[in-house]
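Peer 1: fold the following, please.
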Amino acid sequence: MVVGEFKPGLEGVPATLSSISYVDGQKGLLEYRGISIEELALKSSFLETSYLLIWGVLPTKEELEAFEHEIRYHRRIKYRIRDMMKCFPERGHPMDALQASAAALGLFYSRRALPNQGYIREAVVRLLAKIPTMVAAFQQMRRGNDPVRPRDDLNYSANFLYMLNEQEPDPLLASIFDTCLTLHAEHTINASTFSAMVTASTLTDPYGVIASAVGTLAGPLHGGANEEVIDMLEQIGSVENVRAFVEKSVANKDKIMGFGHRVYKVKDPRATILQRLAEQLFENFGHDDYYDIAIKLEEVVEENLGHKGIYANVDFYSGLVYRKMGIPIDLFTPVFAIARVAGWLAHWKEQLEANRIYRPTQIYTGTHGAPYIAIEDRHRS
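Peer 2: Below is the predicted model of the structure:
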């Protein structure tokens, strides 16, 4: 291998064969199992979409009802996990709490052997069911409260919002939140999904796989970007300050959070849907001045950077939607994780079907034949 073959970040290097999702960055196209994200956002639910991603087909009515029933039954978490979470520092980031809690599930359900179909389904159900409960539980605990018990009479998204605030959500809020989960459920081989696949290739248990992916998602260049967007809008402060902010950022070559994508060279199709959801929220529950700043920011960024293929991505509007729902800013990324568990599990299952442990190579740039120097002879100039 020659140095010219090296691609930082493995950009554009195929890492697997997959039938789970497809992205065309030039056309702004995203499909789950061949179905457009626009159609799924309009017609499907998050759990139906999860079933599609993981098992490769849309479920029948009976299959979906059985899947939903299993997930309702497994929403509760072991009291030992709750007790462990009560020991977490209140100022700890919820993503760190989630990573630790997801890994802890393996203590109860781990199986370090090639799993059969029964175990795969059990793991899928448990992780989809329990991850939202753990996110909501930590939010309550760091307020000094006991966790709110799940309600079996509420659907997936409504139940999470209920556990978060101990208040049954407006049906429209729950519906919009469910669509947000669908939009974030899967996106080919991004950093956290690749992390999940590498971990899965060792045949460790799926709880370790998800914990690995959560740790990767926590970074500000991946799932944490929507938190940074809200901070940026706060910093800008008003519509009048937008142009100066963009011009200064461009001149200094500073990253403008919520813009640009390694794949999309047009506006992220999920951002377009999220913008419509934001407008729907503001129309029904009151306007948000940050939205005006965001609209102007997108316009000015497109003027200055559109020719470089830099447009709004999924993180740009998702934070505005979650903020309007009353979700704390540092829970934005855990909410992303709740959704992306579906995609991670789909890739975990697909990896097992034709597994080979990942073992990439490197291009060595160090020296050869270096002598060992005795410690008394080592000096720094």
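Peer 1: show me where the stretch 101-250 of the chain has strands.
Peer 2: Assigned by DSSP state E, counting those that start in this stretch, the stretch 101-250 of the chain shows no strands.
Peer 1: what about the helices in it?
Peer 2: 117-141, 156-165, 171-184, 191-200, 206-217, 225-236, 242-252 (DSSP state H, counting those that start in this stretch).
Peer 1: okay, these in a markdown table with mean neighbour count, mean pLDDT and distance to Glu63 next?
Peer 2: Any C-beta I mention is one placed from the backbone N, CA and C, and that applies to glycine too. Compiled in a markdown table, the helices of the stretch 101-250 of the chain are given as follows (neighbours: other C-beta atoms under 10 Å; pLDDT from 0 to 100; distance: least, C-beta to C-beta, whole Å):
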| stretch | mean neighbour count | mean pLDDT | distance to Glu63 |
| --- | --- | --- | --- |
| helix 117-141 | 21 | 96 | 12 |
| helix 156-165 | 22 | 97 | 16 |
| helix 171-184 | 22 | 98 | 18 |
| helix 191-200 | 23 | 96 | 25 |
| helix 206-217 | 25 | 96 | 21 |
| helix 225-236 | 20 | 91 | 33 |
| helix 242-252 | 15 | 95 | 48 |
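Peer 1: quick one: closest of those to Ala278.
Peer 2: With C-beta to C-beta, the closest approach to Ala278 among the helices of the stretch 101-250 of the chain belongs to helix 171-184: 9.0 Å.
Peer 1: on contacts alone, who are the packing partners of the closest one?
Peer 2: Applying 3 or more C-beta pairs under 8 Å, 6 or more residues apart in numbering; DSSP states H and E, we find helix 171-184 packed against helix 37-43, helix 46-55, helix 156-165, helix 269-285, helix 314-324, helix 332-353.
Peer 1: which residues touch the nearest residue to His222 once chain neighbours are set aside?
Peer 2: Closest residue to His222 apart from its sequence neighbours, by C-beta to C-beta, 6 or more residues apart in numbering: Ala191 at 5.1 Å. The contact partners of Ala191, by C-beta atoms under 8 Å, 6 or more residues apart in numbering, come to Thr216, Leu217, Gly219, Leu221, His222.
Peer 1: can I get the helices and strands packed on helix 171-184 in CSV with distance to Ser175?
Peer 2: Below are these laid out as CSV (distance: least, C-beta to C-beta, whole Å):
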stretch, distance to Ser175
helix 37-43, 11
helix 46-55, 11
helix 156-165, 8
helix 269-285, 10
helix 314-324, 12
helix 332-353, 15
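Peer 1: nearest to Pro115 among those would be which one?
Peer 2: Nearest of the helices and strands packed on helix 171-184 (C-beta to C-beta): helix 332-353, 7.0 Å.
Peer 1: on that earlier part again, closest one to Ser101 among the helices and strands packed on helix 171-184?
Peer 2: Taking the helices and strands packed on helix 171-184 one by one with C-beta to C-beta, helix 332-353 is closest: 10.3 Å.
Peer 1: ok so, going back, against Lys27, how distant is the residue nearest to His222?
Peer 2: According to C-beta to C-beta, to the nearest Å, Ala191 stands 23 Å off from Lys27.
Peer 1: Asp292 too?
Peer 2: Counting by C-beta to C-beta, the separation of Asp292 from Lys27 is 30 Å.
Peer 1: now Gly319
Peer 2: Separation of Gly319 from Lys27 (C-beta to C-beta): 26 Å.
Peer 1: which intervals of this structure have sub-threshold pLDDT?
Peer 2: Applying pLDDT under 70 to the chain picks out residues 1-4, 112-114.
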